[in-house]
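quick one, fold the following:
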Amino acid sequence: MDAPPTIETVIQAISALYHNPDASEKERASRWLQEFQRSVHSWQISDQLLRMKQDVEVCYFAAQTMRSKIQYSFHELPPDSHQALRDSLIIHIESLNDPNYQIILTQLCLALSDLALQMVMWKNSPNYLIQRFAAGTSQIPILLELLTVLPEEVHSRSLRLGMNRREEFTHELAQVAPTVVRIMGACCETSMGDHRLLGRIFKCLSSWFYPGILPSNDVAGSSLVNLLLDVLKKPDTPSMLHEAASDCICSALYAMEDIEEHLSLAETLYRGIMQLPESYALVVAGEDVDKAINYSRIFTELAEAFMEVMVETPNQGLGDLSILDAVLTCVGHCQYEVAEITFNFFYRLSEILYKRRQDKLNEIYRPYIERLVNALSTHCQMDSDHEGVPDENDDFGDFRIRVSELIKDVIFLVGSTTCFSQMFRNLASQGSTVTWYVTEASLFVMSSVAKNVLPDENGVVPQVIQAILALPDETHVAVKHTSIQMLGELSEWIDTHPQTIEPILNFLTNGLRNSQLSSVAATAIQSICKTCQDHLASHLEGLLQIAQAVDAFNLSQEAAIGLIEGTALVLTRMPLEKIQEGLKQLMLAQVTPLSQVLKGDTERKSSLSSDPTVWLDRIAAIFKNTNPAITNGQTHPCQAILQEIWPVLSNTCNTYQGDIRIIERCCRCIRFAIRCVGKGSALLLTPLVTQMVTIYQAHQHSCFLYLGSILVHEYGDDPGCIPGIIDMLQAFIVPTFQILQQPQGLRNHPDVVDDFFRLCSRLLQKCPVAFLQCSSVEPIMECALAAMSLDHREANASVCKFFHELTLGAVSKWESQDYDTRKNLILSLLEKHGPAITTRIINACVFYLPSYMMPDISEVLFELIRVNRETTSTWLEAALKSLPVETQDGRINATQKQLTDFHKTVTSAEELITVTYAMRDFTRLFR
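Numbering: from 1, shown residues only. Below you'll find the model as predicted:
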C-alpha cells in the first residue's frame, strides 16, 4: 500500500467487515484491512480514528491496530516520535470512561504497556502512569486496567525485548509494588459494595503476584488477603467475584516458590484457606459446581505450594497433612471435573516420594493414596442406563484414561498386587447385590494395575480369571469389555502360568465373534502373543486361521493389524521351514486382495476394503514382527516371500505414484521388508532404486528419501553397492533442490528437509569418503546452512544431525582404514564453511529457534569445539561481533561482559550440557 487511504475508505472497509451480508465482500474487506495494518500509514490513520470516536467497531479496530503496530512494527517509528505516541495514547485512554468502550480501553492499555517496555528513554514509566491516573476516583478503572496489564506484558513473547530490558522493567515494577498494594487496599475500602470493581482489583492484584515482585510481608499485613478470604468464605458471593478471588489466591500460592522467603504470607494464606472446607461443603450442598471447582483449585494450589514442606516434615507446622484431606474432599465431589483439577498435584507428589524411596514416608502417605484410588474408582462408574461398551473418545472416556494414568503413577505407594486384591475383595464382599457399573469401574481400576501384579501371585488373580471366564451371557457388555481388557493386561502373569492360556484364548476367540467386543478381544490376544510366545506353539494353527480371517470379524484396522502382528510374533519362534510356510499363508491373505484392488477386480468380496493402505499396513506389520534368529548362513524365511510379492508392491507404487497417502504406506512396507531380510533383498536393490528415482523425478514424495536412507543403512558399507548409492543420491538431489530453492521452499517442505538430511547423515555414517568426494557435497553444505534456522523440530534436528555426523567423522576413527582420508576431507570442508556454520548457529538460536530446539544445535557447536577449540573460538568471536547488541533507540541487548562470558563458557566447555545451558541463557538476552 504505497499511498495512504482516506479515513472514509478505512471506515467503509470496517463497516463491510462487520455488516456486509456478502461473505466474499467480507473476505475482501478483511484482506484489505490486513494490508492496511501492515502499512506505515496505519499509525497516523488509527490515531485519527480514535480521536473521532465514531463507534465501538471503528475504535476497536483502531486500538487493535495501534497495539499490533507497537508490538510488531515499532521499528518503523523514529525515536523522536515515541514521546508523541505516548502522549497521544494517554489522551485516548483518558477519554474512554464509557463502560461500552471497555474492550477498547483494554487494547489501548496493552498498547501503552508495550510502548513503555520498548521505549527505553521513558524511565520509571510505571511510577509515571500511577502518578498520572491515581489523582481522581473517576480514573481508578483506567489505573486498574493499566496496572493489570503492565506486569503481564513484561514476559510477552510478542515483544523482542531481551532479558536485560525485561529485568530493568521488572525492577521498575518492583519499586512501585508497595505503592500498588496501598492503592489496591484503598480501592477495596471504597468499593465494598461494587462487586464488579472488586473483581477488577482482585484481577489486578493477581497479575502482580505472578512476576514475584510484590513485597509479601506488605501483602500479608494488608487488608487485601483477609478481604479475599472473606469473599471466599461466603457461599453467596457472586460467581464472577468468587472466581476473581480464587484466581488471585491461586496466583499468590503459585508465586511462593520458597515458603521460607514468604513465610508471613504463607502462614496467613494457610490459616485462611484451611477455614474454607466448610464453605466448600455448603456450595456442594447447593450444587454450585463452578464454585466447587474454584475451591478445588485453591486447595490443590495450596498443596502444591506446600508439597516440599509436607514431604520434609509431614504433620508438623505447615506440613500439616490436613491439606491432603481438603484435596481428597474435592476428589470425592460427584462431578469428575472437580476431581480432575487435583491430578497434577498427585502426580508431582508421587514423583517426589518415588525419588525419596523412604518406606517410612511412603507409609504415611499410603492411606491417602488408598482413599484417592477408591474415589477414582467411583468416578469411573458409568451411568446405570448406559448401553454398549465404554466410549474412549468422549469426554468421560478421556477422563478415565487420565485416571488410569494417574493410578499407574501413584500405585507404588499402595502396591499393584495389594490394590488389585483389595478391589476384587471389595467386589466379592458385595455378592450378588453389586451393580454392573460398580463392577465395571472396579475392573477398570484393576486393569490399570494388572500389568504390575506380581507373577507369583496365586491367591486372587486365579479367582479373577476364573470369574471372568465364567461370566454369564447376560452380563452387561461393558463388564465383558473391561474384563477382556484386563486379560490382556495380565499377559505377564499368564506367561508364568501357561496352564491358563488355552481357556483364556478360547474365551477371547469367542469375544471376537461379538461385534462390540471383537476389537478389544483382538488387542488382548495380541498382548498375550507378544508376551507368551514360547507357550503358543500348539496354538499357531488356530492363530493363523484367525489372522487370515480377520475381515470376518468386526475389527478396527488397528485391532486387525494387532492380531496379525501377534500371529507373526508367535510364528517367529517356530523352526525356519515352519516360519516360511506360515508366513506365506499370512502374507497371501493380504497380497491377494491388494492385487485384486490393483486390477480393479469387481468380483472380490464386498466385505474386503478397496483401500490399498489397509493391505499395505498389514503387510508392513508382518515384516516388522517377523525376526527369527538366523545363523550359519541360513536364508531368511522372508526372502523368498519378498521376491514373490515384489511385483505387487512395485505395481502399487506405479499405480498410485501421485497419491502421497498410499505411496507413504507403500514405502513404509518396503522399508520394513528390507530391514526384515537385510542383505537378502539385494536382488531387488537395482529395480527398487530405479523405480524410486523415476517416481521421485515426477513426484517429490519425501518418503522415497527416507527409504533411500534405509538402503544406505543396509548396503552403504558394501563396496559393490556404494557407486549405485551415490548415483541414487545424485538423482535425488536435482528435484530436491528444485523445490527447496523456491521462495519459502525450506519452510513449505520440512518433510523433504528432514528426510534428505537423514539420508545424508546415513551416508556419512556408512560410506563417508564416497559421499565427501562426490560433486554434490558443496551444494548440500549450502542447503544445510540455509536450513539451520528452520524452526521445524524434526527438520532442524535432521540438519543438526548431519553437521554432528560431519564433525564426528573428524574425531572418531571407527573401525575404518580410510580415517585419514575422511578426516582430511572433513577438515577441508570445515575450514571453508566453519565460520558460516558458527554464525548460522548463533543467528538461528538468537533470532529463529524456540528454546526447546537448543540442545540439537548446541551439540553442533560443541562438536566444532571438539574438532578444533582454538579455531572455533575465533569463529565464535566473529559471529558474536555481528550481533545487534544495541537497538536504534538505545536499548542494550547484550553487554560486552555478557558477550565475553558467553564466549568463555562455550569455548572452555568440556560437556555438551554446559554449551546448551549457556546458549539458552544467552538467547534470552535478545528475546
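
all contacts plus neighbour counts: C-alpha atoms, from now on.
Noted.

quick one, phi/psi of residue 631?
Geometry field for residue 631 lists phi and psi as phi -130, psi 160, criterion degrees, to the nearest 10.

burial of it, as a residue count?
Residue 631 has 8 neighbours, counted by other CA atoms under 10 Å.

tell me the spacing between the residue most central in space within the chain and residue 212.
Nearest to the centroid of the C-alpha atoms of the chain, with distances taken as CA atoms, centre = their mean, sits residue 852, at 11.3 Å. In this view, residue 852 and residue 212 are 24 Å apart by CA to CA, to the nearest Å.

likewise residue 69?
29 Å.

those two - which one has more neighbours?
Taking other CA under 10 Å, residue 69 and residue 212 do not tie; residue 69 has more neighbours (21 against 17).

and the more buried one, what element?
Residue 69 belongs to helix 56-72 when elements are defined using DSSP states H and E.

so which residues make contact with the helix or strand following that helix?
Counting by DSSP H and E, the element after helix 56-72 in chain order, helix or strand, is helix 82-94. Under the contact criterion CA atoms under 8 Å, 6 or more residues apart in numbering, helix 82-94 has outside partners 47, 50, 51, 105, 108, 109, 112, 115, 119, 139, 142.

repeat for stretch 246-258
Taking CA under 8 Å, 6+ apart as the rule, stretch 246-258 contacts 202-203, 205-207, 209-212, 228, 232, 262, 266, 294-295, 297-298, 301-302, 305.

7 Å instead, please
202-203, 205-206, 209-210, 212, 262, 294, 298, 301-302, 305 (CA atoms under 7 Å, 6 or more residues apart in numbering).

go on, stretch 354-364?
353, 413.

and it, C-alpha only, in PDB?
This file holds the C-alpha atoms of stretch 354-364, laid out as PDB (Å, rounded to 0.1, in the frame of the first residue of the first chain):
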ATOM      1  CA  TYR A 354       9.300 -42.200  44.400                       C
ATOM      2  CA  LYS A 355      12.700 -40.400  44.200                       C
ATOM      3  CA  ARG A 356      13.000 -40.400  48.000                       C
ATOM      4  CA  ARG A 357      12.500 -44.200  48.300                       C
ATOM      5  CA  GLN A 358      11.700 -43.900  52.100                       C
ATOM      6  CA  ASP A 359       9.500 -46.700  53.300                       C
ATOM      7  CA  LYS A 360       8.500 -44.700  56.500                       C
ATOM      8  CA  LEU A 361       7.500 -41.700  54.400                       C
ATOM      9  CA  ASN A 362       5.500 -43.900  52.000                       C
ATOM     10  CA  GLU A 363       3.600 -45.500  54.900                       C
ATOM     11  CA  ILE A 364       2.500 -42.000  56.000                       C
END
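
so for that stretch, what gets flagged as buried?
354, 361, 362 (16 or more other CA atoms under 10 Å).

among these, which ones are in strands?
Among these, no residue falls in strands (DSSP state E).

need these in CSV (columns: distance to residue 393 and pLDDT).
CSV is the format used below for these (distance: CA to CA, whole Å; pLDDT from 0 to 100):
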residue, distance to residue 393, pLDDT
354, 32, 95
361, 38, 95
362, 35, 95
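
quick check, nearest of those residues to residue 42?
Closest approach between the buried residues of stretch 354-364 and residue 42, by CA to CA: residue 354, at 58.0 Å.

roughly how far apart are that closest one and residue 121?
52 Å.

residue 337 too?
49 Å.

more neighbours: which of these two?
Taking neighbours as other CA under 10 Å, residue 337 and residue 121 compare with residue 337 leading, 19 against 14.

which residues in this structure form strands?
Taking DSSP E as the criterion, the chain carries no strands.

OK, contacts around the residue nearest to residue 669 when sequence neighbours are not counted?
What sits nearest to residue 669 in space, not counting adjacent residues and going by CA to CA, 6 or more residues apart in numbering, is residue 620, at 4.3 Å. Listed by CA under 7 Å, 6+ apart, the contact set of residue 620 reads 668, 669, 672.

for the first one, which non-adjacent residue is closest in space?
Nearest-residue entry for residue 668: residue 620, 6.9 Å, with adjacent residues in sequence omitted and distances by CA to CA, 6+ apart.

pLDDT at residue 814, what is it?
Note for residue 814: predicted pLDDT of 62.

going forward can the numbers begin at 23, since that is how I track them
Will do, 23 is the new start, and the previous item becomes residue 836.

count of residues packed around the nearest residue to residue 873 once chain neighbours are set aside?
The shortest distance from residue 873 to any non-neighbouring residue, by CA to CA, 6+ apart, is to residue 942 (6.4 Å). Per other CA under 10 Å, the neighbour tally for residue 942 reads 19.

if we can go back for a sec, and of the contacts of stretch 268-280, the nearest to residue 182?
Distances from residue 182 to the contacts of stretch 268-280, taken by CA to CA, are shortest for residue 232, at 20.2 Å.

show me what counts as buried in stretch 64-79.
Result for stretch 64-79 [16+ other CA under 10 Å]: buried residues 64, 65, 67, 68, 69, 71, 72, 75, 79.

quick one: which of these sit in helices?
64, 65, 67, 68, 69, 71, 72, 79 (DSSP state H).

what's the closest of the contacts of helix 104-116 to residue 483?
Among these, and counting by CA to CA, the member closest to residue 483 is residue 131, at 64.7 Å.

who touches the closest one in this structure?
167, 168.

do you know how far it is from residue 747?
Taken as CA to CA, the span from residue 131 to residue 747 is 62 Å.

cool, residue 398 as well?
57 Å.

now, which of the buried residues of stretch 376-386 sits nearest residue 533?
residue 376 (38.8 Å).

and the gap between the closest one and residue 368?
12 Å.

ok, now residue 777?
Applying CA to CA to residue 777 and residue 368 gives a distance of 41 Å.

looking at the two, which is more packed in?
residue 777 (24 against 21).

how about stretch 719-735 as PDB, C-alpha atoms only?
Only the C-alpha atoms of stretch 719-735 are listed here, as PDB (Å, rounded to 0.1, in the frame of the first residue of the first chain):
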ATOM      1  CA  GLN A 719      11.500 -37.100 -10.600                       C
ATOM      2  CA  ALA A 720       7.800 -36.600 -11.100                       C
ATOM      3  CA  HIS A 721       6.500 -36.500  -7.500                       C
ATOM      4  CA  GLN A 722       8.800 -35.300  -4.800                       C
ATOM      5  CA  HIS A 723       7.500 -37.600  -2.000                       C
ATOM      6  CA  SER A 724      10.000 -37.400   0.900                       C
ATOM      7  CA  CYS A 725       9.200 -41.000   1.900                       C
ATOM      8  CA  PHE A 726      11.500 -42.100  -1.000                       C
ATOM      9  CA  LEU A 727      14.400 -40.100   0.600                       C
ATOM     10  CA  TYR A 728      13.600 -41.900   3.800                       C
ATOM     11  CA  LEU A 729      13.600 -45.200   2.000                       C
ATOM     12  CA  GLY A 730      16.900 -44.300   0.400                       C
ATOM     13  CA  SER A 731      18.400 -43.800   3.900                       C
ATOM     14  CA  ILE A 732      17.200 -47.400   4.800                       C
ATOM     15  CA  LEU A 733      19.000 -48.700   1.700                       C
ATOM     16  CA  VAL A 734      22.200 -46.800   2.800                       C
ATOM     17  CA  HIS A 735      21.900 -48.300   6.200                       C
END
